[in-house]
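Enquirer: Sharing a model that was predicted from the sequence below.
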Amino acid sequence: MNSTNNPKNLKAKIDMKVFDSLTEKKTKLAVIGLGYVGLPLALEFAKKFSVVGFDVNESRIKLMKNGVDPSKELSSSAFIGADIVFTNDPALLKDVSFFVVAVPTPVDSLNKPDLRPVISASNTVGNVLKKGDYVVYESTVYPGCTEEDCLPLLESLSGLKLNEDFKLGYSPERINPGDKFRTLRTVVKVVSGSDELSLDQVAKVYETVVDAGVFKAKSIKVAEASKVIENTQRDLNIALMNELSLIFDKMDINTYDVLEAAGTKWNFLKFFPGLVGGHCIGVDPYYLTSKAASLGYEAKVIAASRFINDNMARNVARKIIRHVLRTSPDLNKASVLVKGVTFKENVSDIRNSKIIDTVKEILAFNINVDIEDPYADGDEVQKEYGLKLAKSIGKEYDAVLITVPHDQYLPLDEAYYCSITKPSACIADLKGIMKDKITERAYWTL
């Protein structure tokens, strides 16, 4: 038989043209989910390809159409010259041949994986999927989710078969909010595919936007596992630092002094104590423990680390409450200032901010709490947590809690903190930015 008439070879020819057709803008690429991961990815792709940016949130779409990043990570200049259409209309996805799913993967109130966003995105893609198309997931999931939970939906809704009619891939996101140096282009991108052909094509697509290059994982499950353990490893190391800080606090030893000394050894890993919030380190390990449990294995070390880190916010609150109880005769008149409500420094994202647990614990003792943050949106804080940002800062606080090292906080000196606190006040500094700088007030850090 002539090789050009072989259906398998013909199919290969069609698939091999996917990257070329995107480059020549004969077809389009879509990014589903335009949050802190999806939007920068879509805009980078839009420098090379014709892109459809899809998100179900209409208000976010309106902002992006006007060159505004709802996550406040990108400037308006990032939108200039981008070949992209922002939409919440699934009909505009029909001309797309390469889909990238970058929706959130949170946990529920019981810390169980909440796959509703990724399932919804799979339904959206499955309804417009055509022969020759590619679907690549970036959302952080447990190993097996892409092929066991998402793939069946794609096949059933489209009536197509994997590798015969369309290709599947997984490329875990490595976006670090607030980081202007380790960006999409400068960090190696892990890619994977459902077969050798798809791996090659997915790699070529991502190589156009990642200057650091791509790493081809052995399988989709390997790529999924690599992502989830990246953050699980950090979670474990931070949990150790947090437990050490609890122990050293009882010994009246400064944890940062200990870490500075230990850090002089060549192979000591430099991790630090702190509140583990956000939507990566504090969430991803639960995806792994949940999958392990479904296989009959109890992930004891990972679970223990999650327990320690999840309880650190309450430990911080109790430390502050004990100080206020000792120094303030009337709790109803006592007040605490919390500087920083975002989950990390120099970002506006307040999702899964663990400092909220600290605030609520202090409020339970009828101690007044003022919250201020130069990055957080007051309306979002009110809507998400039922708390208001302070309009102004007072002068007689019993304690000040510095939660994150925002750039605006770094120049503040002891005179500033003395000017807003009582002489008996405590400066609680979770990240140690005022270490060895506070002498006229009680000082505490993790």
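Expert: Noted; the coordinates are in hand.
Enquirer: Not including adjacent chain positions, what is the nearest residue to residue 327?
Expert: Sequence neighbours aside, residue 424 is the residue nearest to residue 327 in space, at 4.2 Å (criterion: CB to CB, 6 or more residues apart in numbering). C-beta coordinates here come from the backbone N, C-alpha and C atoms, glycine included.
Enquirer: backbone phi and psi for that neighbour, please?
Expert: phi -90, psi 0 (degrees, to the nearest 10).
Enquirer: mind listing what it touches?
Expert: Counting by CB atoms under 8 Å, 6 or more residues apart in numbering, residue 424 touches 327, 328, 398, 442.
Enquirer: how much space between the second one and residue 55?
Expert: Right, the one you point to is residue 328. 47 Å (CB to CB, to the nearest Å).
Enquirer: Quickly check the contacts of residue 424 for the two that are furthest apart.
Expert: Checked with CB to CB, the contacts of residue 424 reach their widest spread between 328 and 442, with 12.8 Å between them.
Enquirer: can you pick the most crowded of the contacts of residue 424?
Expert: Most neighbours among the contacts of residue 424, by other CB atoms under 10 Å: residue 398, with 24 neighbours.
Enquirer: In a strand, that one, correct?
Expert: Yes - the assignment for residue 398 (DSSP: H, G, I helix; E, B strand; the rest coil) places it in a strand.
Enquirer: count of neighbours near residue 156?
Expert: 11.
Enquirer: Going by contacts, tell me the helices and strands next to the helix or strand where it lies.
Expert: Assigned by DSSP states H and E, residue 156 belongs to helix 151-158. If you count contacts as 3 or more CB pairs under 8 Å, 6 or more residues apart in numbering; DSSP states H and E, helix 151-158 packs onto helix 116-126.
Enquirer: what sits against residue 155?
Expert: Residue 155 neighbours (CB under 8 Å, 6+ apart): 126, 161, 162.
Enquirer: wait, isn't the first one in contact with residue 159?
Expert: The one in question is residue 126. No - here residue 126 does not reach residue 159: they are 9.5 Å apart, not a contact under CB atoms under 8 Å.
Enquirer: okay, these two: which has more neighbours?
Expert: Using other CB under 10 Å as the criterion, residue 126 and residue 159 rank with residue 126 on top: 21 against 9.
Enquirer: all strands for this structure, in order.
Expert: Assigned by DSSP state E, the chain shows strands spanning 28-32, 51-54, 84-87, 96-101, 134-137, 167-170, 189-193, 214-216, 335-339, 368-372, 397-402, 421-429, 442-444.
Enquirer: who does the first one pair up with?
Expert: This points to strand 28-32. Taking DSSP bridges as the criterion, strand 28-32 forms sheet pairs with strand 51-54 (parallel), strand 96-101 (parallel).
Enquirer: ok, and what's touching that strand?
Expert: 22, 38-39, 41-42, 45, 49-55, 93, 95-103, 121, 124-125, 205.
Enquirer: For PyMOL, what selects the buried ones among those?
Expert: The PyMOL command for the buried members of those (criterion: 16 or more other CB atoms under 10 Å) is given here:
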select buried, resi 22+38+39+41+42+45+49+50+51+52+53+54+55+93+96+97+98+99+100+101+102+103+121+124+125+205
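Enquirer: Rank the helices and strands of the chain by mean pLDDT and give me the bottom one.
Expert: Lowest by mean pLDDT, DSSP states H and E among the helices and strands of the chain is helix 7-23, with a mean of 61.
Enquirer: Residue 353 contacts residue 359, correct?
Expert: No - the criterion here is CB under 8 Å, and residue 353 misses it with residue 359 at 9.4 Å.
Enquirer: Of the two, give the one with the bigger neighbour count.
Expert: Shown here are residue 353 and residue 359; by other CB under 10 Å, residue 353 has more neighbours (27 against 22).
Enquirer: For the more buried one, give me its contacts.
Expert: Contacts of residue 353 by CB under 8 Å, 6+ apart are 277, 278, 341, 342, 343.
Enquirer: I'd like to know how many residues surround the last one.
Expert: Residue 343: 26 surrounding residues under other CB under 10 Å.
Enquirer: Buried residues in the lengthiest helix in the chain, which are they?
Expert: Ranked by residue count and defined by DSSP state H, the top helix of the chain is helix 220-250. The neighbour-count check on helix 220-250 (16+ other CB under 10 Å) flags 220-221, 223-232, 234-236, 238-239, 241-246, 248-249 as buried.
Enquirer: what do you get for stretch 111-121?
Expert: Quick answer for stretch 111-121 (16+ other CB under 10 Å): 111, 113, 114, 115, 117, 118, 121.
Enquirer: ok, the last one - contacts?
Expert: Under the criterion of CB under 8 Å, 6+ apart, the contact partners of residue 121 comprise 32, 33, 101, 103, 139.
Enquirer: Then residue 301?
Expert: residue 236.
Enquirer: picking up where we left off before, which of the contacts of residue 353 sits closest to residue 402?
Expert: Of the contacts of residue 353, the one sitting nearest to residue 402 (CB to CB) turns out to be residue 341, at 11.8 Å.
Enquirer: Quick one, grab the pLDDT at that closest one.
Expert: Note for residue 341: predicted pLDDT of 95.
Enquirer: now residue 329
Expert: 82.
Enquirer: and stretch 430-441, which residues are buried?
Expert: Per 16+ other CB under 10 Å, stretch 430-441 contains these buried residues: 430, 431, 432, 433, 434, 438, 441.
Enquirer: wait, isn't residue 163 in contact with residue 199?
Expert: No - using CB under 8 Å, residue 163 is not in contact with residue 199, being 11.6 Å away.
Enquirer: Compare neighbour counts for those two and give me the winner.
Expert: Shown here are residue 163 and residue 199; by other CB under 10 Å, residue 199 has more neighbours (21 against 14).
Enquirer: quick one: contacts for the more buried one?
Expert: Taking CB under 8 Å, 6+ apart, we find residue 199 in contact with 169, 191, 192, 193, 216.
Enquirer: Out of those residues, which end up buried?
Expert: If we count by 16+ other CB under 10 Å, these have these buried: 169, 191, 192, 193.
Enquirer: Contacts only, for the closest residue to residue 316 other than its chain neighbours.
Expert: Leaving aside its sequence neighbours, residue 316 sits nearest to residue 358 (CB to CB, 6+ apart; 5.0 Å). By CB under 8 Å, 6+ apart, the contact list for residue 358 reads 275, 313, 314, 316, 317, 320, 338, 401, 403.
Enquirer: can you rerun that using 7 Å?
Expert: Residue 358 makes contact with 313, 316, 317, according to CB atoms under 7 Å, 6 or more residues apart in numbering.
Enquirer: pLDDT at it, what is it?
Expert: Looking at residue 358, the pLDDT reads 96.
Enquirer: Over to residue 181?
Expert: According to the model, residue 181 scores 84 on pLDDT.
Enquirer: Compute the distance between it and residue 187, please.
Expert: Relative to residue 187, and taking CB to CB, residue 181 is found at 10 Å.
Enquirer: more neighbours, those two?
Expert: With neighbours defined as other CB under 10 Å, residue 181 and residue 187 compare such that residue 187 has more, 18 against 7.
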